[in-house]
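In: Test case, fold it:
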Amino acid sequence: MNFNVTTLAVVMLLSGAASAAEPVVTALREAIDKSIDWYQLFPSENDTKPMKPIVALRWPNNIRGSTDGATVVWVDKGRAEAVVAIYPWEELFIHEFDSLSRGTLVARSDEEVVWNPNKPGLQFHPIDDVPPPAESALVRLRQMKSLTKHFKATLLGWVADNSQREELRMMTRPIYRYEIDKPDKVQDGAIFAYATGTDPEVLLVIEAFGDAGRYAWQYAFVRRSSGGLEGRIRNKIVWVAEKYPQKKNRQSNHVEFSRPLDEVLATER
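Out: A predicted model of the protein is given here:
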């Protein structure tokens, strides 16, 4: 994710503060916050009540030059069903979506369907040889944090020889903890981030899944970068995401929408 010199100059000009960095960030953050409402996400085609968007994390990526960005989750009945990264990239204002659904979902903008993945967003796998989810929600949170010790994630980068390989840092707290009042198949869960700085490149979703009284821990990795990615459990590679994913297929689980950055920021003047 990048925020180049040309873009920075445009933002400064539009913010009326070419000599001060803070108004630039403020204008961009206001644009990010307002843009969340550009899209309404629904658990299925038949649902009429949109899911609730929650800003899970705000981040800059100073290593790659982004001054501001946000990770937002859309929540249904306490479970995160979709995630979007909102950030500037060169001359564009990006919304990068991934489905976290165990089923399918629908996104609309101005009442038009713009995203309708045709299969579940995540493939979950069991976490073997660990204690089952506890009865106490507080203890389950401690369990999930402990489970993350079994996992690692790596950014392989954007070049063919993987010479940009980077072991990602797992952020110590989950960026979103489920708030499920009436457990059904999903009793509990949380989303953990592996980041460059504070910018997530990979997400790890951990859920207590099953039937009442017989829940077990499951996990799934989620792409948050266009670079190659790798996920491991107990040092065994269990997940690989290829470089430069296809991002224009509106029925895919990974999709990106963009608008000209200068037009977006002009509305904040």
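
In: Can you list the neighbours in contact with stretch 46-64?
Out: The set of residues external to stretch 46-64 that reach it, using CB atoms under 8 Å, 6 or more residues apart in numbering, is 1-3, 29, 33, 36-37, 40-43, 66-76, 81-83, 87, 106, 175-176, 191, 193, 195-200. No exception for glycine: its C-beta is placed from N, CA and C like everyone else's.

In: As CSV, could you dump the C-alpha coordinates of that stretch?
Out: This file holds the C-alpha atoms of stretch 46-64, laid out as CSV (Å, rounded to 0.1, in the frame of the first residue of the first chain):
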residue,chain,number,x,y,z
ASN,A,46,-33.2,-12.5,0.9
ASP,A,47,-32.2,-10.3,3.8
THR,A,48,-33.4,-6.7,3.9
LYS,A,49,-31.6,-5.5,7.0
PRO,A,50,-27.9,-4.6,6.3
MET,A,51,-25.1,-5.9,8.5
LYS,A,52,-23.4,-3.5,10.9
PRO,A,53,-20.0,-2.1,9.9
ILE,A,54,-17.4,-1.7,12.7
VAL,A,55,-14.0,-0.1,12.3
ALA,A,56,-11.8,-2.8,13.7
LEU,A,57,-8.5,-1.1,13.2
ARG,A,58,-6.9,2.1,12.0
TRP,A,59,-3.4,1.9,10.6
PRO,A,60,-0.8,3.8,8.7
ASN,A,61,1.8,1.9,6.7
ASN,A,62,4.8,4.1,7.0
ILE,A,63,7.1,1.5,5.5
ARG,A,64,5.2,1.7,2.2
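
In: Okay, buried residues for it please.
Out: Residues P50, M51, P53, A56, L57, W59, P60, N61 are the ones in stretch 46-64 that count as buried (16 or more other CB atoms under 10 Å).

In: Equivalent analysis for stretch 137-151, please.
Out: With burial defined by 16+ other CB under 10 Å, the residues of stretch 137-151 counted as buried are R140, L141, Q143, M144, L147, T148, H150, F151.

In: May I ask you to confirm that the last one is in contact with V205?
Out: No. Taking CB atoms under 8 Å as the contact criterion, F151 and V205 are not neighbours in contact, 10.9 Å apart.
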